[in-house]
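Chemist: Okay, here's the prediction I keep looking at, along with the sequence it came from:
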There are 4 protein chains.
Amino acid sequence: MSLDWMWHVEWYGKTEAAVYAIRRVHYWGKTKYQTISIVDIPIRGKVLIIDGKIQSALGDEWIYHEALVHPSMILHPYPRRVLVLGGGEGATIREVLRHKTVEEVVMVDIDEEMIKVARKYLTEWHQGSFDDPRVKLVIKDGREYLKENENEYDVIIIDLTDPVKGSPSTYLYTREFYQLVFRALKEDGIFVTQSTQMAPESNVYAVIYATVKSVFPIARLYRIFVPVFLQEWAFTLGSKKYDPLLLTKKEIEERVKNRIMGTLRLYDGEAHLGMFNLPKYVRQLINTIDRISTDDNPIYLPV
Amino acid sequence: MSLDWMWHVEWYGKTEAAVYAIRRVHYWGKTKYQTISIVDIPIRGKVLIIDGKIQSALGDEWIYHEALVHPSMILHPYPRRVLVLGGGEGATIREVLRHKTVEEVVMVDIDEEMIKVARKYLTEWHQGSFDDPRVKLVIKDGREYLKENENEYDVIIIDLTDPVKGSPSTYLYTREFYQLVFRALKEDGIFVTQSTQMAPESNVYAVIYATVKSVFPIARLYRIFVPVFLQEWAFTLGSKKYDPLLLTKKEIEERVKNRIMGTLRLYDGEAHLGMFNLPKYVRQLINTIDRISTDDNPIYLPV
Amino acid sequence: MSLDWMWHVEWYGKTEAAVYAIRRVHYWGKTKYQTISIVDIPIRGKVLIIDGKIQSALGDEWIYHEALVHPSMILHPYPRRVLVLGGGEGATIREVLRHKTVEEVVMVDIDEEMIKVARKYLTEWHQGSFDDPRVKLVIKDGREYLKENENEYDVIIIDLTDPVKGSPSTYLYTREFYQLVFRALKEDGIFVTQSTQMAPESNVYAVIYATVKSVFPIARLYRIFVPVFLQEWAFTLGSKKYDPLLLTKKEIEERVKNRIMGTLRLYDGEAHLGMFNLPKYVRQLINTIDRISTDDNPIYLPV
Amino acid sequence: MSLDWMWHVEWYGKTEAAVYAIRRVHYWGKTKYQTISIVDIPIRGKVLIIDGKIQSALGDEWIYHEALVHPSMILHPYPRRVLVLGGGEGATIREVLRHKTVEEVVMVDIDEEMIKVARKYLTEWHQGSFDDPRVKLVIKDGREYLKENENEYDVIIIDLTDPVKGSPSTYLYTREFYQLVFRALKEDGIFVTQSTQMAPESNVYAVIYATVKSVFPIARLYRIFVPVFLQEWAFTLGSKKYDPLLLTKKEIEERVKNRIMGTLRLYDGEAHLGMFNLPKYVRQLINTIDRISTDDNPIYLPV
């Protein structure tokens, strides 16, 4: 076969990019908020791209979504009510729903059209989760939703696009926002937010960590390598009471066994240790950065 | 500034690539064995490229070289004599020489011209290590060298280019080769080999691990994310007596403190845990693969 | 604005390509015969791409289509019945229909779905021409159609995709095919075929010229630069009686004035001279090549 | 063979580019004025690149240089003294020296290092022309040189890099500059300047034409397609007395035969007609543009 002729280019600034051949276009459209494309890419499989950034690929979305969801859910002794902000593909709620303890998942997303597209074109992601009776879908700005909730949730999972200059997501990574998250959690609640790539030229993840730490008594940064991102991906867990560093391998494995339906592919006790034990230079960086993202002075990814 | 006009393209098969702007060409030449270029790339800094593959970048070569060298060196109770195969930049011996216990490092490389180029253009890598009196440089095929050595070394570090179809490196990843390594080690000797990228479309690293395991009583796979590679990089440690999984954080930190000159940036007790504790799917993969690379049927990277 | 993220790559072999940012995807689909995409590209405007090759761009399709249609139509003293093979966008018939002398245009295309897509998404090209009462659309293989026609047409215009190995178009550039064209023309008939790019690494255009010359008493190669192709495009005119080199500027201008509705943008007497007067090396090449494309041994574009 | 890994990217704005595989780097360096690279590119051969723009390729430099030099030289009845500004490769003077009438060629270039590099690495271009006793090389700003010359030259050939914002070349395309050229020519002198690409998004060539026309009684735009540029290239000829449109094919062929040593590959009478007879839309454009480039308000290429 000759060379492919349609390519997705994922720019990192103006001097680096990853390029991916596109074999098929399933969907291309602009919603009120973003440009969405759903395409097939060799090796990675079907891929969701929003505003030029790959959001997830069928080939490894489970790495990202297991890493996002399970550490907090397992850390909590008995998560009944869960709030998910973003996560339009439906894979975040899919992982939450695997926990037998869960009675209700509220998913809040601002972009109704995105959800419609996902329901139609991303069935491999949501696997029907939108129709699970435990799920309540709310079309609304996540920050607005939080304002109306206090002491409501066991676990809050934040799965939004990256903070980019001029994007509304920017105000969903600030101290004021995390204060709303804190207020919406129960007294032993836990939250986690995707915290952008751990690229050498960016310390945004460290600022997110510092910001969470300024609001929650316990804050932990962890990360996992997601192949399609060509980067390690950072997550920050903020907790009112429980510390993921104190969970033993054995405890994790028991909880996974007792509480999760089906078989996990990424997460277990050993994976947990791999994710939370960081290289020396990463710990030094996150202990050095004291900048906090605020509504007045929010952090952005370099573009 | 307008867009850059000379680019390095790192192909992953024919459907993906990473592209990097080149700001300056320091050196471009063909030796008897390979095509070498040394260029400046934004963010990454000076970069060594061999046969179109980035070998190391100034910005993060220390991640790769610390991860390659220190786990084995620290695991050994008192490494005096060390053999390095490959590592033409001189950074592998640089890290070895930081260990106070070391009395002799023999570095074997087949490409004399590559060494000359490195001495001249990669001073930031070797930092004069080639002139350290403990270093003995041998220009020779690594496999030939091993044949002549028995029960000689405490630690052997293998830092060669990837096994690619038609390349001589291919025969430096086979069972027969590892048997020579075993023979050249002392009775409590340890060896480590770079084990290629952990890309989803490749299981070469798992075959290398299986091959090492077929020769050494103790074999451990570990990995670290090296930003410029856009991948996690795998290493396989083969040991006659000591097991890196049994080292505690505290032991590691004491050994680092007592035996290493200067300050490490990547490696310490917590980093060690992060590197050796693997995600569930990686463990499943390496426990499933039983193919062994042999001289008759060697493994290659997919191209 | 940041850099674009979806790109069309037009490969010329494996060592050169032109890359174009895609701003919007209007249509993407596979018909029984080909992969079609219709996208917006900056500077060029809306673009039709078939099997990875740009077929025409709104910004300059008129250059290609005027150059394809008018030299033959003007050369003929009074073209009443015209046959068009291919030309799925509808722009070839659009130009033919501008000639007041035309009573009937038969357009033959094998790909019904392509025509449907064109009618819907390429209105700027066809401008309603498919609905002109003088047009008769036949869905059929062009070669089959020709077999059934003898001494029927004043002008035949061949506007097919390039001959590429394994493509059915290949057999629409052979001597046997041109013999069918000859037979279908009236005794003073004229035909023209697009004759691929005049790239330095290809002599396909010269073989097409030699092949036409082996069938028609008068054969002339001419060319025009079409910006979006980044190449000069070749056309071969085969004629039973009239010679385009004998037309004077004045004759051309009179015929254009009397017979064409609306205003041409490319073609007039001076443009005609520019198109038919070739550089010395092109004339030398086409006079040197004596290879003829036959059904047994057809010519392909290098890929 | 696997895909190439070093590529030259020729950007046209930020939304289009041509990319060329680089097989070998002959030279890479920065002079006081520009960044020069000399590399091998498949199909095109050895290529000179200045500041990221391909200046000429071995495979077709003769098209550019014959088109630049011969129309003016042949138009002049007996060119004895010729001035070349720029043309650092030495191929412009090579073509001038083929004219038996020439007694002296003064070549003026500002970049001495560029000339040194050309003498060493571009022997296929200059073919020893720098050592021809008729050549006098002057290292100087071309505009300064012109100021010191009045009524001196039969033909002046301007072969400079494109006018780009911030580049010194900008002031070598203005009315004031062409007035100096006029003054330096004898009373029947002729000059020609390369006039940039005829890209659809640029009318710089038309402004250059208008500017020349504001100074010279006779001004003619002509163009030729140069494959490696992927564009038609424009030239403007300014003449005090002779008009290239009045030369017949026969006259051209006689002059070529009598006055030129060796065999031309591009230029002859028919090629002349092809180059000077322009498409209708080009003539309309150049007759519409009345902007004149001046020192106060010079024209630039869009970047």
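Modeler: Okay, I see it. Numbering: from 1, shown residues only, chains lettered A, B, ... in the order given.

Chemist: how about residue A:3, what does it touch?
Modeler: A:21, B:14, C:9, C:11, C:14, C:17 (CB atoms under 8 Å, 6 or more residues apart in numbering or on different chains). Placement of C-beta: from N, CA and C, glycine included.

Chemist: Distance of it relative to residue D:3?
Modeler: 8 Å (CB to CB, to the nearest Å).

Chemist: And for residue A:177?
Modeler: Counting by CB to CB, the gap from residue A:177 to residue D:3 is 45 Å.

Chemist: Then residue A:163?
Modeler: Using CB to CB, one gets 36 Å for the distance from residue A:163 to residue D:3.

Chemist: can you tell me the average pLDDT over stretch A:220-227?
Modeler: Averaging pLDDT along stretch A:220-227 gives 97.

Chemist: And for stretch A:288-296?
Modeler: Per-residue pLDDT values over stretch A:288-296 give a mean of 94.

Chemist: Please identify the buried residues of that stretch?
Modeler: A:289, A:292, A:293 (16 or more other CB atoms under 10 Å in any protein chain shown).

Chemist: hey, which helix is longest across chain A?
Modeler: If you go by DSSP state H, chain A has its longest helix at helix A:61-75.

Chemist: name the helices or strands packed onto that one?
Modeler: helix A:91-97, strand A:153-159, strand A:185-197, strand A:218-226, strand A:231-239, helix A:249-259, helix A:269-276 (3 or more CB pairs under 8 Å, 6 or more residues apart in numbering or on different chains; DSSP states H and E).

Chemist: Go again with 6 Å.
Modeler: Helix A:61-75 sits against helix A:91-97, strand A:185-197, strand A:218-226, with contacts defined as 3 or more CB pairs under 6 Å, 6 or more residues apart in numbering or on different chains; DSSP states H and E.

Chemist: Would you tell me which of those gets closest to chain B?
Modeler: strand A:218-226 (4.9 Å; CB to the nearest CB).

Chemist: Report the inter-axis angle for the closest one versus strand B:231-239.
Modeler: Calculated by axes from the mean of the first three to the mean of the last three CA atoms, to 10 degrees, strand A:218-226 forms an angle of 90 degrees with strand B:231-239.

Chemist: Strand A:218-226 and chain B, any residue contact?
Modeler: Yes - counting by CB under 6 Å from any CB of the partner chain, chain B has neighbours in strand A:218-226: residue A:225.

Chemist: what's next to that strand, contact-wise?
Modeler: Here strand A:218-226 makes contact (CB atoms under 6 Å, 6 or more residues apart in numbering or on different chains) with A:60, A:63-64, A:67, A:198, A:209, A:212-213, A:232-239, A:243-244, A:275-276, A:286, B:225, B:232.

Chemist: Quick check: neighbours of it in the sheet, parallel or antiparallel?
Modeler: According to DSSP bridges, strand A:218-226 has the following sheet partners: strand A:231-239 (antiparallel).

Chemist: same question for the partner strand, mean pLDDT?
Modeler: 97.

Chemist: Can you give the distance of it from its chain's centre?
Modeler: Chain-centre distance of strand A:231-239: 8 Å, with CA atoms, centre = their mean, to the nearest Å.

Chemist: Can you name the residues of the stretch 1-150 of chain A that neighbour chain D?
Modeler: Counting by CB under 6 Å from any CB, no residue of the stretch 1-150 of chain A lies close to chain D.

Chemist: Could you point out which residue ranges in the stretch 1-150 of chain A have low pLDDT?
Modeler: Low-confidence segments of the stretch 1-150 of chain A (pLDDT under 70): A:1.

Chemist: rewinding a little: now intersect the contacts of residue A:3 with the strands, please.
Modeler: Cross-referencing these against strands under DSSP state E gives A:21, C:9, C:11, C:17.

Chemist: I'd like to know which of those is nearest to chain D.
Modeler: Distance to chain D, by CB to the nearest CB, is smallest for residue C:17 among these, at 5.1 Å.

Chemist: separation between the residue lying closest to residue A:290 once chain neighbours are set aside and residue A:203?
Modeler: Nearest non-adjacent residue to residue A:290, counting by CB to CB, 6 or more residues apart in numbering or on different chains: residue A:210, 5.9 Å away. Going from residue A:210 to residue A:203 by CB to CB gives 10 Å.

Chemist: shared neighbours of those two, anything?
Modeler: Both residue A:210 and residue A:203 are in contact with residue A:289, where contact means CB under 6 Å, 6+ apart.

Chemist: When the two are compared, which one has more neighbours?
Modeler: Neighbours of residue A:210 and residue A:203, each counted by other CB atoms under 10 Å in any protein chain shown, are more numerous for residue A:210; the result is 23 against 20.

Chemist: Can you name the residues of the stretch 51-200 of chain A sitting close to chain C?
Modeler: By CB under 6 Å from any CB, the residues of the stretch 51-200 of chain A that approach chain C are residue A:52.

Chemist: domain assignment for chain A?
Modeler: The record's domain parsing of chain A by automatic domain parsing lists A:7-55, A:61-288.

Chemist: Can you tell me how far the residue of chain A found nearest chain D is from residue C:110?
Modeler: Residue nearest to chain D within chain A: residue A:3 (8.3 Å; CB to the nearest CB). According to CB to CB, residue A:3 stands 26 Å off from residue C:110.

Chemist: Residue A:113 now?
Modeler: In this view, residue A:113 and residue C:110 are 38 Å apart by CB to CB.

Chemist: Tell me which of the two has more neighbours.
Modeler: Using other CB under 10 Å as the criterion, residue A:113 and residue C:110 rank with residue C:110 on top: 24 against 16.

Chemist: Just give me the neighbour total for the closest residue to that one other than its chain neighbours.
Modeler: Of all residues not flanking residue C:110 in the chain, residue C:141 sits nearest, at 5.2 Å (CB to CB, 6+ apart). Burial measure for residue C:141: 15 neighbouring residues, criterion other CB under 10 Å.

Chemist: Repeat that for the one 5 residues further on.
Modeler: Residue C:146: 25 surrounding residues under other CB under 10 Å.

Chemist: which residue packs closest to it, ignoring adjacent ones?
Modeler: residue C:180 (4.1 Å).

Chemist: any idea how far that neighbour is from residue D:206?
Modeler: Applying CB to CB to residue C:180 and residue D:206 gives a distance of 45 Å.

Chemist: do residue A:193 as well
Modeler: On the measure of CB to CB, residue A:193 and residue D:206 end up 56 Å apart.

Chemist: Name the residue in those two with the higher neighbour count.
Modeler: Taking other CB under 10 Å, residue A:193 and residue D:206 do not tie; residue A:193 has more neighbours (27 against 24).

Chemist: coming back round to it: quick check: the residue nearest to residue A:290 touching residue A:287?
Modeler: No - if you go by CB atoms under 6 Å, residue A:210 and residue A:287 don't touch, sitting 9.4 Å apart.

Chemist: Phi, psi for residue A:40 please.
Modeler: When read as degrees, to the nearest 10, the backbone of residue A:40 gives phi -100, psi 130.

Chemist: Pull the contacting residues for it.
Modeler: Applying CB under 6 Å, 6+ apart, the residues contacting residue A:40 are A:23, A:24, A:46.

Chemist: If the second one is in a bridge, with which residues?
Modeler: So the one you mean is residue A:24. residue A:40.

Chemist: Okay, now the sheet partners of the one helix or strand residue A:105 maps to, with direction.
Modeler: Residue A:105 belongs to strand A:104-109 when elements are defined using DSSP states H and E. Using DSSP bridges, the strands paired with strand A:104-109 in its sheet are strand A:81-86 (parallel), strand A:135-139 (parallel).

Chemist: any idea which of those is most buried?
Modeler: Among the strands paired with strand A:104-109, the stretch with the highest mean neighbour count (mean count of other CB atoms under 10 Å in any protein chain shown) is strand A:81-86, at a mean of 25.

Chemist: from the middle of its chain, how far away would that strand be?
Modeler: Centroid displacement of strand A:81-86 relative to its chain, using CA atoms, centre = their mean, is 11 Å.

Chemist: same deal with stretch A:86-105?
Modeler: So, by CA atoms, centre = their mean, the centroid of stretch A:86-105 is 12 Å from its chain's centroid.
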